[in-house]
Structures are given as structure tokens and as C-alpha cells.
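Asker: A predicted structure for the sequence below; I have some questions about it.
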Amino acid sequence: MDQQKIGAFLRELRLDKNLTQEQLAETLGVSNRSVSRWENGNNMPDLGLLLELSKLYGVGVDEIFDGKRKETHMDEQTAETIEKVADYANEEKLRLKKTLRGLLILSLILSFVTIFLGSFEIEGKLPSFLMGFSSGVNLGITVLLFIFLSGTGTKLRAAKLNLLKKLKISR
């Protein structure tokens, strides 16, 4: 998949419709910076947005992926399947956001517990255990949130897959 070619094609389609990046962004509910990134080949729209672009421009999603118009258009069943996949991807994103929000709330609660226990000079094993436990879990949650939100997890996964491919090839 050639993102540069796809981006140039998306730009061509937008200009054919006499739309500015700002107008397209407003129509799709995204920033004009996102549209610019798509058209420069730096980024790809989500699958749901690809479907919207496909409908708006009157081309198939397969044409967008190929970066050129085709003689035959995508059939209705394929379009429905892609729409279902996009809906599933959106549901997964929502589920991930809920999980991350829950982890953030747990992290905040544990931070307050740590601060609360640290503000009192209480002697004994239970308070020190609770402080250590809440600090450790809080640190773990913070690291997980960083990995998910920074995109580091995706990069680590890609590196792992590349390493596995190399290991299989070398055997």
C-alpha cells in the first residue's frame, strides 16, 4: 500500500469536488491538519472515514487503496462488509477508551491513597504496605497508559513481528 499514492489520489478527488481541506474536514468532523496528513501520505484515515470519503467522492474503498480509479466499482456486499469492519473497529476504540479511562481513575485514586497515607506518620506494616502497593500499581498504570497513548505499544508490536519473521527466515 503506497500512502503517498493514496494521499495524492485523495487530494485529486477533493479538488475534483471543488472542496478545500477545511471544508472536507468540517464535513467529516476532523481537523484540516488530518486531511493534510492524509493527502501528504503521512497518515491514513480510519476505516470509517475511508467509507465516508468513498461515498462522498463516488469511488470504491478499493480504488482509494489502489490510489487510482478503476473501470469496475466495488460491489455492494463488499461495501457492507467494510462498513461492518469499520463499525467493529470503532467499537474496539470505544472499549479501549473506557479501559484507559478506568485505569486513569484507578491511578488517581491510588495517588490520593499514597498521598493520604504519606501525610500521616502512621507506624506499622499495613500503612507502609498500602503505600508501597498503591505506589507500585500507580507506577505500573502510568507506564501502561504511556505505552498505549504514545503509540509505543504499536511500535513494539511491529518490532516483535519483524523479529519473529527474521527468526523464521533464518531457521
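Answerer: Sure thing, it's come through.

Asker: any idea which residue sits dead centre in this protein?
Answerer: Nearest to the mean C-alpha position of the chain, by C-alpha atoms, centre = their mean, lies residue 93 at 7.4 Å.

Asker: quick one: which helix or strand includes that residue?
Answerer: Assigned by DSSP states H and E, residue 93 belongs to helix 76-119.

Asker: what's whichever helix or strand comes after that helix packed up against?
Answerer: Counting by DSSP H and E, the next helix or strand C-terminal to helix 76-119 is helix 125-150. Packing partners of helix 125-150 (3 or more C-beta pairs under 8 Å, 6 or more residues apart in numbering; DSSP states H and E): helix 76-119, helix 152-170. All C-beta atoms are positioned from the backbone trio N, CA, C, and that covers glycine.

Asker: again, only this time at 6 Å
Answerer: Applying 3 or more C-beta pairs under 6 Å, 6 or more residues apart in numbering; DSSP states H and E, we find helix 125-150 packed against helix 76-119.

Asker: what's near enough to touch residue 54?
Answerer: For residue 54, the contacting residues are residue 61, by C-beta atoms under 6 Å, 6 or more residues apart in numbering.

Asker: pLDDT on the helix or strand hosting it, on average?
Answerer: Assigned by DSSP H and E, residue 54 falls within helix 47-57. Taken as a whole, helix 47-57 has an average pLDDT of 85.

Asker: Please export the C-alpha coordinates of it as PDB.
Answerer: Coordinates of each C-alpha in helix 47-57 appear next as PDB, following Å, rounded to 0.1, in the frame of the first residue of the first chain:
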ATOM      1  CA  LEU A  47     -11.700   2.800   8.100                       C
ATOM      2  CA  GLY A  48     -15.000   4.600   9.000                       C
ATOM      3  CA  LEU A  49     -13.700   7.800   7.400                       C
ATOM      4  CA  LEU A  50     -12.500   5.900   4.300                       C
ATOM      5  CA  LEU A  51     -16.100   4.700   3.900                       C
ATOM      6  CA  GLU A  52     -17.300   8.300   4.200                       C
ATOM      7  CA  LEU A  53     -14.700   9.500   1.700                       C
ATOM      8  CA  SER A  54     -15.600   6.700  -0.600                       C
ATOM      9  CA  LYS A  55     -19.300   7.700  -0.600                       C
ATOM     10  CA  LEU A  56     -18.500  11.500  -0.800                       C
ATOM     11  CA  TYR A  57     -16.200  11.000  -3.800                       C
END
